[in-house]
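Novice: Below is the sequence, then the predicted model.
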Amino acid sequence: MQSKRHVRGSLFAEYVRMIRRRKDIDWTSLLGPDDGALVSSTIVRDAWYPMDAFERLGNAIFDAIAAGDLERVRLWGRFSASEQALIHPTLVAPRDPVESINRFRVLRSTWFDFDALEVSMLHDDESKIFIAYHMGAKAEEAASWQTLGFFEGLVELAGATDVDARFAQRTWAGDARTLVSLRWRSGS
């Protein structure tokens, strides 16, 4: 059965690169043959890849590389903001966190073919972002921490200081949805 949700190759490639770099890990014991074939294939940046495969790769990375440490996942999310800014040079508006988040809104639909992320509120020094990847609890939590880190990194790249990002709601803790509360001070 084919996944109904998809992720763009530019994001899928991040997971594949992480797996390929760690030759010391026996990935065949963590991934099924179909996922192994995807990891071995050429990832096309603009192609769509199944979200369920993305989830399985993410779970394997979380267990084998991050060792279940959500802070490591968050830091990787911060780093991935820089990687995505290189791939998408218009993502970051210098000295303008609000415009950078607006630019993210435009790019978001090119990364997922479903409403994975929604910027529900955006002001000069704060934003609220809903997250709904529709994955299992373990993957949803890890992906949400990665996303929280991504937004921290994004606004910092845009010149924000004193960034405070936290979960106001968490599906894995029983809330109806996941909500990131993001605050910052604009740099001079």
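Specialist: Nice, I can see it.
Novice: Figure out the length between the terminal residues of stretch 86-104.
Specialist: 14 Å (CA to CA, to the nearest Å).
Novice: buried stuff in the longest helix along the chain?
Specialist: In the chain, assigned by DSSP state H, the helix with the most residues is helix 137-157. For helix 137-157, the neighbour count (16 or more other CB atoms under 10 Å) marks 139-157 as buried. C-beta coordinates here come from the backbone N, C-alpha and C atoms, glycine included.
Novice: Can you tell me the closest non-neighbouring residue to the residue nearest the centre of the chain?
Specialist: Geometric centre of the chain, nearest residue: Thr147, 4.3 Å, by CA atoms, centre = their mean. Leaving out its chain neighbours, the residue that sits closest to Thr147 by CB to CB, 6 or more residues apart in numbering is Ile131, at 5.5 Å.
Novice: Which residues are in contact with the one you found?
Specialist: When contacts are counted by CB atoms under 8 Å, 6 or more residues apart in numbering, Ile131 touches Ala116, Leu117, Glu140, Ala143, Ser144, Thr147, Arg177, Thr178, Leu179, Val180.
Novice: make it 6 Å
Specialist: Residues in contact with Ile131 (CB atoms under 6 Å, 6 or more residues apart in numbering) are Leu117, Ser144, Thr147, Thr178.
Novice: And the chain, what are its domain boundaries?
Specialist: Annotated domains of the chain cover 6-64, 70-186 [automatic domain parsing].
Novice: want to try a markdown table for the ones you listed, with mean pLDDT as columns?
Specialist: A markdown table is the format used below for the domains of the chain (pLDDT from 0 to 100):
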| stretch | mean pLDDT |
| --- | --- |
| domain 6-64 | 95 |
| domain 70-186 | 95 |
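Novice: Brilliant, that's me finished.
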